[in-house]
Structures are given as C-alpha cells and as structure tokens.
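K.L.:
Could you work out the structure for the sequence below:
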Amino acid sequence: MGQPGHAVVIGGGIGGLTAAVALHQRGLRVTVLERARSLEPVGAAISLAPNSLRALDVIGIGDEIRDLAAWSGDGGLRSPKGRWLSRSSAEAAARRFGGPLVLLHRATLIERLAALLPAGAVRTDAAATLDSGGPGRAARVATADGELEADLVVGADGIRSAVRGTLFPHHPGAVYSGWTTWRVVIPVPGARFTSHETWGPGRIWGTHPLKDGRVYAYAGATTPAGGRAPDDEKSELLRLFGDWHDPIPAVLAAVRPEDVLRHDVHHIADPLPAYHHGRVALLGDAAHAMTPSLGQGGNQAIEDAVVLAHHCDELAAYTAARRPRTTAIARQAVKVSRLSLMSSRTGLALRDTAMRLLSPAGPALFLRGFDGIADWRPPQTDAVCSEQTPAGNG
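P.N.:
Numbers count the residues shown, from 1 in each chain. Model prediction:
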C-alpha cells in the first residue's frame, strides 16, 4: 500500500480538531496548524444539542462528553421582571430528539478532542498561508517552518477566515449583525436557580449552571459595531441588566471586570457559492458563520467535520450535503435574533403576550423550533479515505 494521504487542518478550534480526528480515523495523516500559542480557547461554554453529540459518537467520544456535561433544557424564557413567558424541559427535549441538550466549557471539549490525535499532529503558534493547488498537484500550505503539501486542506480558521478569502476573494465575508455579546464563566457562591434566557427591549440575558459548579452567563444588546464600555464591561453589564430579576444581580455581583468577554456578533449573510474549491474545504464559521441565537454555531462545525470526513474523496458531495442545511439554520438564527432583540414597545407587548398565551403548550412549543436541527443524524461509514488525492470538483 502507498503512503496515506495527508490532510492539513488550518485552525485548532472545535471544528478543526473534530475534523482532524475524523480524518485521522478514516486513514489520513493529519497536521493541525493553530496560530495561537496554545489550544486553550478564548471563549466560555458551549451548548451541544443531540445533533452534534451524535456526530461526536461517530468519533467515539459522545458518551464521554455527555458524562462531563450538565444537562440543559430545564427552565425557559423570562421577562426582565422575572415572569415566565414559556417553559422548557430537558426530559422532553431528550424524548423528542433522541438525546439530551448539554452544556460544558469549551476547554473541556478541546482537551478531549486533542487527546484523540497522534503525538505531534497539532502545531501551535503556527500561522499558515494557503496555495490552493491546481489540476494534478497537491495544495501547499506555507508556515514559518517550511511548506507542507496536502491532499486535502481544511479551512477551519474561523469567522475572519484567511482560507475563505483565498478561495473566494470577491465574497463580502462576515458582516456585523447589529448586536454584541458578553460572556462569563464564574463561581457564584450560594447560587440556586433554574436555567433561563430573559428577553428585554433590545437586550437578552442567559444564566445556566455547569456540572463543575460554576455558572455560565451570557448577554446581548443591540449596539453600534466596535463599541466598548467607557469604564469596564462589568459596569456596562450592571447598567444594562443590574435591575433585572434574580439571579442576574447575584451573578453580576460575583463578576470581576477581567472575567467578561465581549465580542461583536458577525455572520455570513450572503452564503458562499460552495464550501470547497479544488483540494480545499471550509467548515464552521469559515464557511457559514451564524448568530448564536440558536446555539448552533459550534454544533454545525462538528457536523461539518464528520460529514467532510465521510466525503473526503468527493468534496463536491460535502458542499451538497452541508450548504443547504447550514444556510437554512443560519437564516433561522437571524430570525430568532430579530425576535429576541426587538425593541419597539408595541412589538415587545405583542411578542410577550403571544408567548404567554401559547405557554400552555409548554416545552413542545419551545422544542418545535429545533425540529429538523437537533434530530439530524450523521452519515455512517466504515471505509477509509482513498490513498488517492481527494477529488475537488471545484
């Protein structure tokens, strides 16, 4: 037999590492290039729905992640004064979608994915430049340590993807969505609460317990791009959310200014024409960055990874499998963003009244929005990737 094909994954986040593991398990030699100095993610927690957990089952760690995570889904939607607008149920979600929604720190998932790769497969502090290749020759990736030839290059380099810019130089890329987010993962002594998301005028807040005893909280607000607090981001959160219902004040009291991550929300509003070109494939935010309103950004990157490994010999089939699905989910996320961040007094009154009137439908109403998303199942295959160059058809 000949030398196994070589896959170079540019980006060591959740999607890139999942792809590297899946491709390694299908017989490819993999190299992951991460420009940061370590794999320690700059981020907070991640919600994993049954769709991405089933994708993680394909690479053998789904049950491990379920054990490490907190079940999510009990709770619901509240008004800033604390009134429940609708309720949700973790057990109902598990019954409807064949598995739980779970929540864990991104660092935990990154660590478990990296542990599945061969020693030396991941290179940190490794900036990379792509030459996408052409007919009859491998793609080339230039690094400070020299040039790598690859039968397959995976662009998993995030929302500002340089790989995407190389493949589709005339595409506008990601655009500002009109709102910004804040996230914290902190201990909150004595915290006792039910998970919730709260919608106010042009603002949202969510609070969720993690299995390790810490609390994951996130907030969002409509604001011009590039904004920053005049003092610090904790003070900004206090101004925006300090008079909202419990346990929000207790969470804010436990926050230190350095705990707060703030990021403007960008998304790809104009879908890419394809998720591959030649010997290069894009996944995750590099391919279809979406607003976090459905909690599906990381989930879709994990899906991408296992589907890409399934179609590693036929990249056009990967685009055909992923582009319609992720485009539809990204559009649905934008609709949810607009609903949750509504600011007009009339619109807010109509929205909240409608939710209260529909609340007798209970968890089923909340979960219906995830039909066709959380019930997804990955392709199954035992075959290895061909030793020949993966087909680009780009």
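K.L.:
Kindly state the beta-bridge partners for the residue nearest to L103 when sequence neighbours are not counted.
P.N.:
In space, and not counting its chain neighbours, L103 is closest to S72: 4.5 Å by Cβ to Cβ, 6 or more residues apart in numbering. The C-beta positions use only the backbone N, C-alpha and C, and glycine is treated the same way. Beta-bridge partners recorded for S72 (DSSP bridges): L101.
K.L.:
Could you check the pLDDT of S72?
P.N.:
Looking at S72, its pLDDT is 84.
K.L.:
what sits against it?
P.N.:
By Cβ atoms under 8 Å, 6 or more residues apart in numbering, the residues touching S72 are 47, 90, 100-103, 195, 208.
K.L.:
same check, this time on L68
P.N.:
For L68, the contacting residues are 104, 108, 112, 211, by Cβ under 8 Å, 6+ apart.
K.L.:
Quick check, pLDDT for it.
P.N.:
So L68 comes in at 95 (pLDDT).
K.L.:
For L116, what are phi and psi?
P.N.:
Dihedral pair for L116: phi -90, psi 0, per degrees, to the nearest 10.
K.L.:
Number of residues surrounding the closest residue in space to it that isn't next to it in sequence?
P.N.:
Leaving aside its sequence neighbours, L116 sits nearest to V21 (Cβ to Cβ, 6+ apart; 4.6 Å). Burial of V21 is recorded as 28 neighbouring residues (other Cβ atoms under 10 Å).
K.L.:
ditto for the one 5 residues further on
P.N.:
When neighbours are defined as other Cβ under 10 Å, R26 has 23 of them.
K.L.:
now swap in the one 5 residues further on and tell me
P.N.:
Applying other Cβ under 10 Å, we find 21 residues neighbouring T31.
K.L.:
Next: G73.
P.N.:
Here the number of neighbours of G73 (other Cβ under 10 Å) works out to 24.
K.L.:
same question, G27
P.N.:
Other residues close to G27 by other Cβ under 10 Å number 15.
K.L.:
which residues of the protein fall in helices?
P.N.:
14-25, 50-58, 62-68, 90-97, 106-114, 162-167, 233-241, 248-254, 285-288, 297-310, 315-340, 345-358, 363-368 (DSSP state H).
K.L.:
Could you check the angle the longest one makes with helix 345-358?
P.N.:
With axes from the mean of the first three to the mean of the last three Cα atoms, to 10 degrees as the basis, helix 315-340 and helix 345-358 are set at 100 degrees to each other.
K.L.:
Can you pull out the low-pLDDT segments for the chain?
P.N.:
For the chain, the stretches flagged by pLDDT under 70 are 1-3, 42, 132-137, 359-366, 382-383, 386-394.
K.L.:
any idea how far R203 is from P80?
P.N.:
Relative to P80, R203 is positioned 8 Å away (Cβ to Cβ, to the nearest Å).
K.L.:
just F193 next, same as before
P.N.:
In this structure, F193 and P80 are 15 Å apart, going by Cβ to Cβ.
K.L.:
Also L315?
P.N.:
To P80, L315 is 47 Å away according to Cβ to Cβ.
K.L.:
Just want to know which of the two has more residues nearby.
P.N.:
Ranked by neighbour count (other Cβ under 10 Å), L315 and P80 place L315 first, with 24 against 16.
K.L.:
list the contacts for R345?
P.N.:
P201.
K.L.:
just the one 10 residues further on next, same as before
P.N.:
Under the criterion of Cβ under 8 Å, 6+ apart, the contact list for M355 reads 77, 85-86.
K.L.:
now with 10 Å?
P.N.:
Counting by Cβ atoms under 10 Å, 6 or more residues apart in numbering, M355 makes contact with 76-77, 79, 84-86, 199, 339, 365-366.
K.L.:
Include neighbour count and distance to P379 when you put those into a markdown table, please.
P.N.:
Conversion of the contacts of M355 to a markdown table gives the following (neighbours: other Cβ atoms under 10 Å; distance: Cβ to Cβ, whole Å):
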| residue | neighbour count | distance to P379 |
| --- | --- | --- |
| G76 | 21 | 34 |
| L77 | 21 | 34 |
| S79 | 17 | 42 |
| W84 | 15 | 40 |
| L85 | 20 | 38 |
| S86 | 19 | 34 |
| W199 | 23 | 37 |
| L339 | 13 | 33 |
| L365 | 15 | 31 |
| F366 | 22 | 29 |
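K.L.:
thinking again about what came up before, could I get the contacts of S72 in JSON lines, plus columns for neighbour count?
P.N.:
Shown next, in JSON lines, are those (neighbours: other Cβ atoms under 10 Å):
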{"residue": "S47", "neighbour count": "22"}
{"residue": "A90", "neighbour count": "18"}
{"residue": "P100", "neighbour count": "20"}
{"residue": "L101", "neighbour count": "27"}
{"residue": "V102", "neighbour count": "23"}
{"residue": "L103", "neighbour count": "21"}
{"residue": "S195", "neighbour count": "20"}
{"residue": "H208", "neighbour count": "22"}
